[in-house]
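J.: next input, structure requested:
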Amino acid sequence: MLGRFLENRKGFTLIELMIVVTIIGILASIAVPSYKWSLIKAREAVLRENLHTIRSAIDQFYADQGKYPDDIKEIVDKKYLHDIPRDPITGKNDTWVVMPPVEPTGKITTEGKGQGNVFDVHSGSDLVGTDGKPYNEY
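T.: The predicted structure follows:
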């Protein structure tokens, strides 16, 4: 009777379940770091695209107005951008670091000349990208 009972049993043994759980754990330990890495790479791609968008708007503003914007919000106010893009590294749209125009000597050119203050923008993050370059130098 016991032999017939063991032959007709259905289900998994504890060893089989432990093996399956171990395999799932190994796969998860491989997948999670890869997923996190792909998230970082995606944020970097969005950062580059947002910087390109803002810089293109600054260039267009300069071409149309003959001066650089006084602040980054002026680009939105004059309809060169619908909204200021969010910095994907800091998660905010108000952390962009604004760079004024400079002469080749390093002197700021717009000081008191009414030529605007926004020549370039960078991320406000202090973190370093996957390529070893700080995000605030992109």
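
J.: report the secondary structure state of the residue most central in space within the chain.
T.: Relative to the mean C-alpha position of the chain, the nearest C-alpha, by C-alpha atoms, centre = their mean, is the one of residue 43, at 2.8 Å. Following DSSP: H, G, I helix; E, B strand; the rest coil, residue 43 is assigned to helix.

J.: who touches the residue nearest to it when sequence neighbours are not counted in this structure?
T.: Once flanking residues are discounted, residue 43 sits nearest to residue 88: 4.3 Å by C-beta to C-beta, 6 or more residues apart in numbering. Quick note: C-beta positions are derived from backbone N, CA and C, even for glycine. By C-beta atoms under 8 Å, 6 or more residues apart in numbering, the residues touching residue 88 are 43-44, 46-47, 50.

J.: just confirm the residue nearest to the centre of the chain contacts residue 87, I think it does.
T.: No. Counting by C-beta atoms under 8 Å, residue 43 sits too far from residue 87 to count as a contact (9.5 Å).

J.: joint contacts of these two?
T.: With C-beta under 8 Å, 6+ apart, residue 43 and residue 87 have no common neighbours.

J.: list the residues that contact residue 11.
T.: Contacts of residue 11 (C-beta under 8 Å, 6+ apart): none.

J.: Three-state assignment for it, please.
T.: Taking three-state DSSP, the label given to residue 11 is coil.

J.: now it. Its backbone dihedrals?
T.: phi 130, psi -180 (degrees, to the nearest 10).

J.: with residue 99 instead?
T.: phi -110, psi 130.

J.: what's opposite it in the beta bridge?
T.: Beta-bridge pairing of residue 99 under DSSP bridges involves residue 120.
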